[in-house]
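In: Return a 3D structure for these sequence lines:
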Amino acid sequence: MRLLLTLIIFNISTTQALAGTDSLVSFSATLRIFWGLLIVFGVLLVVYALAKKKLSFLNAGAGKGAITIIETRHLMPRKSLCLIKVRDQEFLLGLGNEQINLIAVINPAVTTSSGPSDNKKFAVALEDADRKIGQNDITN
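Out: Numbers count the residues shown, from 1 in each chain. From the prediction side, this is the model:
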């Protein structure tokens with residue numbers, strides 16, 4: 001909008017500056033430029049609306065209902081990874097041309113973040129894993 005107003009003011013000031021001489025920029029030329037810019041602006045608005053409508057399926061129902069798309073990463077044309085959340089359980093899906101594959105089930109309780117309490121949780125989990133390995137060695 002600022003650009004449009006700047007162009008209009010520039011055209012008006014140019015017209016006023018050259019009013020005493022032979023006008024290089026006539027009123028009809030200014031009007032044609034204005035209408036041309038208005039048409040381009042309208043086309044851009046239509047393209048924006050169509051793009052927003054077409055891409056709205058990615059965020060449709062975000063936060064509403066049981067299934068939420070957390071993130072989508074495009075790898076190649078028609079191939080991407082999608083992280084979804086269904087009733088507090090996260091799934092990593094591989095999306096291909098004609099199929100959807102479950103890659104992993106992610107436990108949301110085992111998320112990583114930088115905090116001192118997470119270090120304690122990691123240490124406890126490491127000790128539990130060590131004990132399980134030790135018990136498996138004893139039973140085998």
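In: Pop the domain breakdown of the protein in here.
Out: 2-55, 59-106 (automatic domain parsing).
In: Okay, buried residues for the longest helix along the chain please.
Out: Longest helix in the chain, counting residues (DSSP state H): helix 27-54. The neighbour-count check on helix 27-54 (16 or more other Cβ atoms under 10 Å) flags T30 as buried. The C-beta positions use only the backbone N, C-alpha and C, and glycine is treated the same way.
In: Check stretch 74-88 too.
Out: C82, L83.
In: try stretch 94-103
Out: L95.
In: before we move on, the earlier item: could you export the domains of the chain to JSON lines, including columns for mean pLDDT and distance to A125?
Out: Shown next, in JSON lines, are the domains of the chain (pLDDT from 0 to 100; distance: least, Cβ to Cβ, whole Å):
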{"stretch": "domain 2-55", "mean pLDDT": "75", "distance to A125": "39"}
{"stretch": "domain 59-106", "mean pLDDT": "84", "distance to A125": "15"}
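In: Can you convert those domains into CSV and add a column each for distance to K121?
Out: Listed next are the domains of the chain as CSV, based on distance: least, Cβ to Cβ, whole Å:
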stretch, distance to K121
domain 2-55, 38
domain 59-106, 16
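In: Which elements pack onto the longest helix of the chain?
Out: helix 2-17 (3 or more Cβ pairs under 8 Å, 6 or more residues apart in numbering; DSSP states H and E).
In: Show me which strand runs longest in the chain.
Out: strand 67-76 (DSSP state E).
In: Quick check: neighbours of it in the sheet, parallel or antiparallel?
Out: With DSSP bridges as the test, strand 67-76 is paired with strand 79-86 (antiparallel).
In: Can you name the next helix or strand after the partner strand?
Out: strand 89-95 (DSSP states H and E).
In: what helices or strands is the next helix-or-strand element following that next one leaning on?
Out: Per DSSP H and E, the first helix or strand lying C-terminal to strand 89-95 is strand 100-106. Counting contacts by 3+ Cβ pairs under 8 Å, 6+ apart, strand 100-106 packs against strand 89-95.
In: No further queries at this time; thank you.
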